[in-house]
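J.: What shape does this take:
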Amino acid sequence: MEISVIKIGGNVIDHPEKSIEFLKAFAGFPGNKILVHGGGVLASRIGKSLGITPQMVDGRRITDEKTLEVVTMVYAGLINKQLVAQLQAYGQNAIGMTGADGNVIRSVKRPVGIIDYGFVGDVVEVNTQFLTALADQQVAPVICAITHDKNGQLLNTNADTIASTIATSLARYHTVNLYFCFDRAGVLMDEEKEDSLIPLINEDIYEELRRENVIHSGMIPKLENAFAALHQGVSNVWLGLPENLQLAAKGKNAGTIIRSQKYDLY
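T.: Next comes the predicted model:
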């Protein structure tokens, strides 16, 4: 079985016109698919309206008790159900869930180190049997960035990490492609210039670009998750604009392709 794991962020969620176009494309995307979403921009906006100031470190959110309540309401409630309802309207049967639903993603609370991330989860187990059963029925899971520890505690979990871990877990049994859709044409040499796209990146190039601060903040976990996925059996990893997703699926040069070190870029 071939499965595509597709992650979207605020560039789709926060713009109704882009959301409509993306979800139409997702509904028509060939084969079995899983949609993973965050919603950090909206969560931050709603949190601020409630007097909760977001705290971020290297693109990752510090999640205290009040912040956990906000992200759970926004990710698992408002955003998740809106996405599912829209997909149903476009003919794609879908089911919205957190990691707790169907025990699909179990995490552990991140240990306190130099930084205390609070109620943030690190994924330890994916229920691949459950996800495969949904694929067999042509039902697309729509999974938000909330997991659980199987002891009753919900945990905020990086959506890129969720997408990557789902992909690597399924790759043990299926052919899996991983797509990260965000608000850039791909990885850029200059984030102010869309025409500075880097079409291919391997680990040496990534480390060099990170040292030069070309790659920083939220792009760091995206690329780290991409390389981790490739090392664990995922066939292809792509980053780019959601409107270019269909082109990427056809092998067109429409984003950044991530390669592990064993592949020559040229």
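
J.: How much space separates the residue lying closest to residue 170 once chain neighbours are set aside from residue 191?
T.: Closest residue to residue 170 apart from its sequence neighbours, by C-beta to C-beta, 6 or more residues apart in numbering: residue 176 at 5.0 Å. For the C-beta atoms, the positions are set from N, CA and C on the backbone; glycine is no exception. Relative to residue 191, residue 176 is positioned 29 Å away (criterion: C-beta to C-beta, to the nearest Å).

J.: Also residue 85?
T.: For residue 85, the distance to residue 191 - C-beta to C-beta - is 34 Å.

J.: And for residue 244?
T.: 17 Å.

J.: next one: residue 117
T.: When residue 117 is compared with residue 191 (using C-beta to C-beta), they lie 26 Å apart.

J.: Between these two, which is the more surrounded one?
T.: residue 117 (21 against 14; other C-beta atoms under 10 Å).

J.: contacting residues for the nearest residue to the more buried one once chain neighbours are set aside?
T.: With sequence-adjacent residues excluded and distances taken as C-beta to C-beta, 6+ apart, residue 117 is closest to residue 110, at 5.0 Å. Shown in contact with residue 110 (C-beta atoms under 8 Å, 6 or more residues apart in numbering): 117, 120, 121, 122.

J.: Next: residue 18.
T.: 11, 12, 242, 243.

J.: same check, this time on residue 70
T.: With C-beta under 8 Å, 6+ apart, residue 70 has these contacts: 43, 46, 47, 50, 52.

J.: element containing it, please.
T.: Using DSSP states H and E, residue 70 sits in helix 65-71.

J.: Just the buried residues of that helix, please?
T.: 67, 68, 69, 70, 71 (16 or more other C-beta atoms under 10 Å).

J.: Kindly report the same for stretch 196-215.
T.: 197, 198, 200, 201, 202, 203, 205, 206, 209, 214, 215.

J.: Max pairwise distance over those residues: which two?
T.: Pairwise distances across these peak at 18.9 Å for 197 and 203 (criterion: C-beta to C-beta).

J.: And the helices in the stretch 151-266 of the chain?
T.: Assigned by DSSP state H, counting those that start in this stretch, the helices in the stretch 151-266 of the chain fall at 159-170, 203-211, 219-231, 245-249.

J.: so how far is the first one from its chain's centroid?
T.: Spelled out, that is helix 159-170. 8 Å (C-alpha atoms, centre = their mean, to the nearest Å).

J.: which outside residues touch it?
T.: 3, 5-7, 9, 34, 36-38, 99, 105, 122-123, 126, 128, 131-132, 143-145, 147, 176-178, 180, 221-222, 225-226, 228-229, 232-234.

J.: and the angle for that helix with helix 219-231?
T.: The directions of helix 159-170 and helix 219-231 differ by 0 degrees, with axes from the mean of the first three to the mean of the last three C-alpha atoms, to 10 degrees as the criterion.

J.: low-confidence ranges in this structure?
T.: 59, 261-266 (pLDDT under 70).

J.: at 50 instead, please
T.: 263-266 (pLDDT under 50).

J.: picking that back up, would you turn the buried residues of helix 65-71 into CSV with distance to residue 18?
T.: Below are those laid out as CSV (distance: C-beta to C-beta, whole Å):
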residue, distance to residue 18
67, 26
68, 28
69, 28
70, 23
71, 22
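
J.: Return the closest of these with respect to residue 24.
T.: residue 71 (27.1 Å).

J.: Was I right to think that closest one contacts residue 144?
T.: No. At 9.0 Å, residue 71 and residue 144 do not qualify as touching, with contact defined as C-beta atoms under 8 Å.

J.: Touching both of those two, which residues are there?
T.: In contact with both residue 71 and residue 144: residue 39, using C-beta under 8 Å, 6+ apart.

J.: What separation do you get for the residue nearest to residue 170 and residue 6?
T.: When residue 176 is compared with residue 6 (using C-beta to C-beta), they lie 11 Å apart.

J.: try residue 237
T.: 12 Å.

J.: same thing with residue 39?
T.: Distance from residue 39 to residue 6, by C-beta to C-beta: 15 Å.
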